[in-house]
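**Q** Got a predicted model here, sequence first, then my questions.
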Amino acid sequence: MKKFLWLVFSVLFLGLATANAASNDPVDMLRSVANQLIDSLKAHKTNLKSNPSLVYSLANKIVVPHADLTVMSQRVLPPRIWQQATPSQRSQFQSEFTTLLVRTYASALAEFNDQTVQFYPIRGGSAGKTNVKVNSQIIRSDGPSISVSYKLLLEGSEWKLYDMSVEGVSLLESFRSQFADKLSQGNIEVLIKDLQRHNSENSGR
């Protein structure tokens, strides 16, 4: 399930990079994103599997510009930890967390198999809102459909993803649980160093 969560995360972000124009309707934007990404993945599937460096480069160009990484970095930590962290610590954590996201994303991207996505209208619509949740279903040829929801923020005229859930399991909650163990052993410095070690050990993968 965790690998599939990252696959869905990957599907969304690659589409964001290839969308021709941002839509003021988050559902229309996500639908366009998913359709374009699936076509792109099918066309480049062989290259993505055989060229890991290409996958990392692609992920870096796609994830960083189109996700609200500051919001994600803040919300993945307990409020007390974020508030007590210095600006330097926040910057270091966001950098290492972004690297973790990108590399996990790239690994999932290479595992793409044929899927289609069905999105559902937002209750009450999105007009006048700055924070919405979009529900969808991933339809697979090799298994049952999976429920996925996306949380987006409106920043200017652009909707940005800051969390998603697969079958009720939140991306941020999943990481928050992992980070809690390290934070129980110390402060944010302990977590930053652990992420730096992890990212360094996996830099060649």
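**A** Structure's in. What do you need? Being a predicted model, the structure only gives us computed values, none of them experimental.
**Q** Am I right that residue 135 is in a helix?
**A** No: checked against DSSP: H, G, I helix; E, B strand; the rest coil, residue 135 lies outside a helix; its state is strand.
**Q** Near it, how many other residues are there?
**A** Residue 135 has 16 neighbouring residues, counting by other CB atoms under 10 Å. C-betas here are computed from N, CA, C, even on glycine.
**Q** residues contacting it?
**A** Each residue near residue 135 by CB atoms under 8 Å, 6 or more residues apart in numbering is listed here: 119-120, 147-149.
**Q** ditto for residue 97
**A** By CB under 8 Å, 6+ apart, the residues touching residue 97 are 69, 72-73, 76, 175, 195.
**Q** hmm, which two among the contacts of residue 135 are most spread apart?
**A** By the measure CB to CB, 119 and 147 form the most distant pair in these, at 11.7 Å.
**Q** wait, isn't residue 99 in contact with residue 198?
**A** No: using CB atoms under 8 Å, residue 99 is not in contact with residue 198, being 9.1 Å away.
**Q** helices or strands next to the helix or strand where residue 116 lies in the packing?
**A** Per DSSP states H and E: residue 116 is located in strand 115-119. Contacts defined by 3 or more CB pairs under 8 Å, 6 or more residues apart in numbering; DSSP states H and E place strand 115-119 against helix 2-18, helix 26-50, strand 131-140.
**Q** how far away is the nearest residue to residue 151 once chain neighbours are set aside from residue 187?
**A** Leaving aside its sequence neighbours, residue 151 sits nearest to residue 163 (CB to CB, 6 or more residues apart in numbering; 4.3 Å). Remark: distance between residue 163 and residue 187 (CB to CB, to the nearest Å) = 24 Å.
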